[in-house]
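Engineer: Sharing a sequence plus its predicted fold:
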Amino acid sequence: NICDNPLFKDTRTFSNTVFSGSGGSNNYNNARFTGSGWCSARSGSYLLLDLQKEYHITRVVVMGNRDNTNWSESYSLKYSHDTTYKNREQITGNRNGYQASTTLVDIYNVRHMKIESTGNTDFCLRIELCGE
């Protein structure tokens, strides 16, 4: 169990349109923790999340792709209630392809998130957010 309230597990509230980005495969919804993983295609790739309304996020859980072959050791998480992404957290990534990494945060009033690798440029990502 990742947390008491994994947000993306609720596919009715968080449909696939929550996920978008740049510089990778167009299957952004594969970044859902139950997905196969969203993979970057080049340096500067990022994943965007639009939660549709503001949330209090308490935990960010990341993992590489389902094949355990690509991941990043660190991520930059930029966030805001609008699309300015003016706030930033450093998210701990993975040391291998088969274990999830959890970063505890206390982020209020967040709707928009931008996640970029600050480690590997060729990476895959699955993510879950916990909060309310």
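Structural biologist: Everything's here; your move. Numbering: from 1, shown residues only.
Engineer: the strands in this structure, which residues?
Structural biologist: Remark: strands assigned in the chain by DSSP state E are 19-22, 38-39, 46-63, 74-80, 87-92, 101-117, 124-131.
Engineer: Can you give the distance of the fifth one from its chain's centre?
Structural biologist: In terms of Cα atoms, centre = their mean, to the nearest Å, the gap separating the centre of strand 87-92 from the centre of its chain is 11 Å.
Engineer: Quick check: mean pLDDT of it?
Structural biologist: For strand 87-92, mean pLDDT rounds to 93.
Engineer: Relative to the whole chain's centre, how far out is the lowest-mean-pLDDT helix or strand in the chain?
Structural biologist: One helix or strand of the chain scores below all others by mean pLDDT, DSSP states H and E: strand 38-39, with a mean of 90. Strand 38-39 sits 11 Å away from the centroid of its parent chain (Cα atoms, centre = their mean).
Engineer: and what of stretch 13-20?
Structural biologist: The answer for stretch 13-20 is 12 Å, by Cα atoms, centre = their mean.
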